[in-house]
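>>> Provided below are the primary sequence and the corresponding predicted coordinates.
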Amino acid sequence: MRVRIEDDENVEVQMAPLIDCVFLLISFFLVATTLKKLEKELPLDLPQAAAAVSKQVEDKMTVISIDRDGNLYLGSEPVGQGYLGRTLRELAGQDPQHRIRIDADRDAPMWAAVQVLDVCNFENLRNVGIRTKQKEG
Amino acid sequence: MSASEPNKKKVDGRPFTVRRRLSRWSRRDPWFLVSMGLHGLILAVLVYLTPVRQIVQELRQASHPVSSMSARELANLAETIEAHAADQIASNARELGTVFGDITEIQDGIGQKFASFEQRQRENAARDALQAMEQAAEQMRGAVKSIQEDSDVQATDRFQALAEGAQERAGKKLELVGSGAVSLTTGQRAAGEAHQQAKAVHDQRSTQAVRVGTLERSVATEQTRTEQARQALEQAKESRRPQDQVDRTTRLAEQQKRFDQAAEDLKAGRQAQERLHSQEAESQKQALVAQEEVMGALRKALEGQSGGGSGGSWSLNLVAGLSQPGAGPGARSPAAGPQGAGGEEPGDVAQLYASARALEDGIAERFKEVRAMDLAMVRDMTLEDARKDIEVIRPVRPDLNVELLREAARTDEGFEAHKEEVRTALRETSSMVNLAHRMLEMATQSVEKMKFGTNVQLAPEEQTPDFRLIIRDLAMEEVSGKFSDLAGMMRALEGDNGENGEGTGGRTGAGAGGAGGRGSKLDYQDLTSQEEGGAASLPRFGDAGPGEGGLMPELRPDVPAVGARKISPDGRPGNWMFIDSWYTVGPFPNPNRVNIDREFPPDSLVDLDATYVGKDGRKVRWQFVQSDVPEVRPPNAEPYGIWYAYTEFYCDRSRDVIIALGTDDRGTLKINGLPVWISSKQLKGWDIDEVWRRVHLNQGINRILYRVENGWQTMGFSLILRLEET
């Protein structure tokens, strides 16, 4: 009698659960990335700082950008100083500890940065940081 | 087994491959492939739903910017974006239409009230004119006395300036009386001219006095030199050198000649000064006589009228030429609003934008009309004059490229340009809505503040004074002088508004202070007399604190003051504080100082995002400026123009504070919309304590607006607070 011996009777890795695991991992990472808000950034040339502290980007954070001409941006949208003031007043009303990050171009006029800091101070927003580039070397 | 495939097993004599294995698995379990397919689908859906797709798209666009989409796709996308934006712009235009309707209703309502005010203004014009003439005459008498007693030049200047202002008011009131008062108007004009002549002579005398002072110094110098020359000659005689003696004798003779000449000039200068002094007194007396003549004629006419007689050679025509408040340049019926106010809406972005701009213009015109009526009441002037003094709030809006918007975007560059135009339209219409709402809010506040028109039906004893008129008088430097106490009036006005349950925009806190809180009945009569108490009620304080020293402290320009714009318990301690952060805008045109009374848009409404047309057609925007010294200078200061400076000041609680103000040149300060200081019209330099005011600050945010006129050379302004309460 002819006996058919399956060539895959040998011990081998089960592919189906392996693929399931891989899919689950992929799904996990993909879903996790959706929790991180996409942050549109302006092409700013940030100043360097040797003593810069690396900080995790917070989800509830307002980014105020200043370009080299002194124009103000809230996120990536250009805004006027009156609108910025009103927005910061609303934010301070909701949460005085709200995180503010200032991204100022290295060639931005000093008065523009002072203006933003002054408005934040006036509205009692004290959790303010200035973004810099880590100094190489 | 071939040498090239050493590791492949052989199954049924054929090499093992993945395909073969899959086919074998599929034969054994067909659901395996279904499972694989489902997994693949889920993965694809996940990728589609996550930012991975966006990132991939951005990477693709970055690497292939031009060939990302076909021309048809681009055109379709541009159309979709435009349609979406058009919906939002249409919504903004509808909002503007609503505001337009509301502000038109306000204008109509205020117009009716203003008609009552105007009616009363005309009825009382003759009496008001007489009152103004009496004030003018009184000031002229003061000027005559000052001249005769040879008092300080500035004292005479002040009397003459006040007389001039009163004469102007009298002239305007007589114009309101109508055609019946032509002879009086002519007489008043003649009295005004006589006063101007007296002022001119006074100015000449002042100039001559300065010249005499210079000549006196020159004579003193020449005298000293002559004395020195004489001593030198004496020394030469003692040294017995004949040549030296000859030289020095000649020099002494020349020097003596110069001295004699200087003394001669001084004598002539003094004579001229004496002559001008007598002329000055004489011309001022003539002006006074002319004023008293007109005043007598008007008084006689009024007595005649009240007695039922004809009242002399003319009669007061009280009803002639009543103007219609709603007949201004911007007046239209609500139904005849700008295109798109509520009717058929165009669907195109360009048309919608044009419609929104037309609506904004309509709203601005109506707002101007409301402001003009408000101003006419506050300044007690005619509506026509008020209209001339107010500029329509019309921020500079960019024009859209209509052709670009109507053409299909077929290239990436065209698409980007198209998108940018749509974004501009959207951004500008949103800004228009915001501005329109603020104009509506201000117009509503104007109506709430107006008292004159609403009180006409009340009995005279029930009528209450308009605090804004009193505050304006107290703010005027020419009327109130170097110190004025406005705190009580400001508290009363604040309390009065609070009592009616009407907010005043940004005024937080009760603000009633010690002058009667919310709900208490204010004693207007007592409060008015308190403000009119004069110098006796002025606070006494000095460097050592309240109650010490003179009426007002001597403040040095380098006074140790803290620069800030907040008062809170956790702040730095100090006696003095200056406001260091401002937003300035300017220059606005002021050729030959023609616009010193004209109100530019920031006077009506401060919009820090707005761009205006300024001097020489330049576009001007608000600029942030921070100073580490009390004197603040706009970054773009230049001669001949008008600037505005705005800031917000925070107070932890409502309080009265004493402030020192100074501007170069003419300045006006408003706190929470109320005038606190209106300086004289003279061009002048900056002084840190040019005037002192006691003002009331509300709890929370206080809005401060400076208006500074620059004549020539430099300009600047300052606001210093004394933190210690008095």
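Structure received.
>>> pretty sure residue A:30 contacts residue B:44?
No. At 11.1 Å, residue A:30 does not count as touching residue B:44 under the criterion of Cβ atoms under 8 Å. From N, CA and C alone the C-beta is placed, and that goes for glycine too.
>>> neighbour-wise, which of these two wins?
Neighbours per residue (other Cβ atoms under 10 Å in any protein chain shown) separate residue A:30 from residue B:44, with residue A:30 holding more: 16 against 10.
>>> Return the backbone torsion pair for the more buried one.
With angles defined as degrees, to the nearest 10, residue A:30 sits at phi -70, psi -40.
>>> Now do the same for it: its pLDDT.
We have a pLDDT of 74 for residue A:30.
>>> Not counting residues beside it along the chain, what's closest to residue B:690?
Ranked by Cβ to Cβ, 6 or more residues apart in numbering or on different chains and with sequence neighbours excluded, the top spatial neighbour of residue B:690 is residue B:662, at 4.0 Å.
>>> And residue A:131, by the same measure?
In space, and not counting its chain neighbours, residue A:131 is closest to residue A:103: 4.7 Å by Cβ to Cβ, 6+ apart.
>>> in a strand, that's where that neighbour is, yeah?
Yes. Membership of residue A:103 in a strand is supported by DSSP: H, G, I helix; E, B strand; the rest coil.
>>> and it, what are its bridge partners?
residue A:65 (DSSP bridges).
>>> From residue B:77, how far off is the closest residue to residue B:79 other than its chain neighbours?
Computed as Cβ to Cβ, 6+ apart, the closest residue to residue B:79 that is not its neighbour in sequence is residue B:408, at 7.7 Å. Taking Cβ to Cβ, to the nearest Å as the criterion, residue B:408 is separated from residue B:77 by 11 Å.
>>> Does residue B:278 lie in a helix or a strand, and which?
Using DSSP states H and E, residue B:278 sits in helix B:242-306.
>>> pLDDT of that helix, averaged?
Helix B:242-306 comes out at a mean pLDDT of 86.
>>> Could you do stretch B:704-716 as well?
88.
>>> next one: stretch B:169-184
77.
>>> Give the buried residues for that stretch.
The neighbour-count criterion (16 or more other Cβ atoms under 10 Å in any protein chain shown) identifies B:169-178, B:180-181, B:184 as the buried residues of stretch B:169-184.
>>> Give me the phi and psi for the closest residue to chain A within the stretch 101-250 of chain B.
The stretch 101-250 of chain B approaches chain A most closely through residue B:103 (21.0 Å), counting by Cβ to the nearest Cβ. With angles defined as degrees, to the nearest 10, residue B:103 sits at phi -70, psi -30.
>>> List the residues that contact it.
Residues near residue B:103 by Cβ atoms under 8 Å, 6 or more residues apart in numbering or on different chains: B:363, B:366, B:367, B:370, B:436, B:439, B:440, B:443.
>>> can you redo those as a markdown table with distance to chain A, neighbour count and secondary structure?
Shown next, in a markdown table, are these (distance: Cβ to the nearest Cβ, whole Å; neighbours: other Cβ atoms under 10 Å in any protein chain shown; DSSP: H, G, I helix; E, B strand; the rest coil):
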| residue | distance to chain A | neighbour count | secondary structure |
| --- | --- | --- | --- |
| B:363 | 18 | 30 | helix |
| B:366 | 23 | 30 | helix |
| B:367 | 18 | 28 | helix |
| B:370 | 22 | 28 | helix |
| B:436 | 15 | 26 | helix |
| B:439 | 15 | 24 | helix |
| B:440 | 17 | 20 | helix |
| B:443 | 20 | 25 | helix |
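>>> Name the residues of the stretch 501-650 of chain B found near chain A, please.
B:565-566, B:581, B:583, B:607-609, B:622, B:624-626, B:648, B:650 (Cβ under 8 Å from any Cβ of the partner chain).
>>> Counting neighbours, what do you get for residue B:284?
29.
>>> which residue packs closest to it, ignoring adjacent ones?
Spatial nearest neighbour of residue B:284, excluding adjacent residues (Cβ to Cβ, 6+ apart): residue B:198 at 4.2 Å.
>>> Check what pLDDT that neighbour gets.
Taking residue B:198 on its own, its pLDDT is 88.
>>> Please enumerate the strands of chain A.
A:48-49, A:61-66, A:72-74, A:77-79, A:99-104, A:128-130, A:133-134 (DSSP state E).
>>> other SSEs contacting the fourth one?
Contact analysis of strand A:77-79 by 3 or more Cβ pairs under 8 Å, 6 or more residues apart in numbering or on different chains; DSSP states H and E lists strand A:72-74 as its packing neighbours.
>>> Confirm that residue B:634 sits in a helix.
No. Residue B:634: not assigned to a helix; according to three-state DSSP it is coil.
>>> Name the next helix or strand downstream of the helix or strand where residue B:657 lies, please.
Counting by DSSP H and E, the element that carries residue B:657 is strand B:655-664. Helices and strands here follow DSSP H and E; after strand B:655-664, the next one along the chain is strand B:667-671.
>>> Show me what that next one is in contact with.
B:490, B:661, B:675-679, B:695, B:697, B:702-709, B:717, B:719.
>>> repeat that with 7 Å
B:661, B:675-679, B:695, B:702, B:704-708, B:717 (Cβ atoms under 7 Å, 6 or more residues apart in numbering or on different chains).
>>> Among those residues, name the ones in helices.
With DSSP state H as the criterion, helices contain none of the contacts of strand B:667-671.
>>> Now for those: which two are most distant?
With Cβ to Cβ as the measure, no two of the contacts of strand B:667-671 lie farther apart than B:679 and B:702, at 20.8 Å.
>>> Quick one: name the residues of chain A near chain B.
A:7, A:16, A:19, A:23, A:26-27, A:30, A:33-34, A:38, A:80-83, A:85, A:111, A:114-115, A:118, A:122 (Cβ under 7 Å from any Cβ of the partner chain).
>>> Buried members of the residues you listed into ChimeraX, please.
Provided next is the ChimeraX selection string for whichever of the residues of chain A next to chain B are buried by 16+ other Cβ under 10 Å:
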select /A:23,30,80,81,82,83,85,115,118,122
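>>> Quick check: the residue nearest to residue B:103 when sequence neighbours are not counted vs residue B:643, distance?
Excluding its sequence neighbours, the residue lying closest to residue B:103 (Cβ to Cβ, 6+ apart) is residue B:366, at 4.7 Å. Using Cβ to Cβ, residue B:366 is found at 28 Å from residue B:643.
>>> again, but for residue B:611
15 Å.
>>> Burial check on residue B:593, number of neighbours?
15.
>>> Average pLDDT for the host helix or strand of residue B:105, rounded please.
Per DSSP H and E: residue B:105 is located in helix B:71-123. Helix B:71-123 shows a mean pLDDT of 83.
>>> next helix or strand past it?
helix B:125-148.
>>> can you list the residues that contact the following helix or strand past that following helix?
Using DSSP H and E, the helix or strand that follows helix B:125-148 in sequence is helix B:153-177. Contacts with helix B:153-177, where a contact means Cβ under 7 Å, 6+ apart, come from B:121-122, B:125-126, B:128-129, B:132-133, B:135-136, B:139-140, B:142-143, B:146-147, B:181, B:184-185, B:188-189, B:191-192, B:195, B:199, B:202, B:206, B:209, B:316-317, B:381-382, B:478, B:680.
>>> how much does helix B:153-177 deviate in direction from helix B:125-148?
160 degrees (axes from the mean of the first three to the mean of the last three Cα atoms, to 10 degrees).
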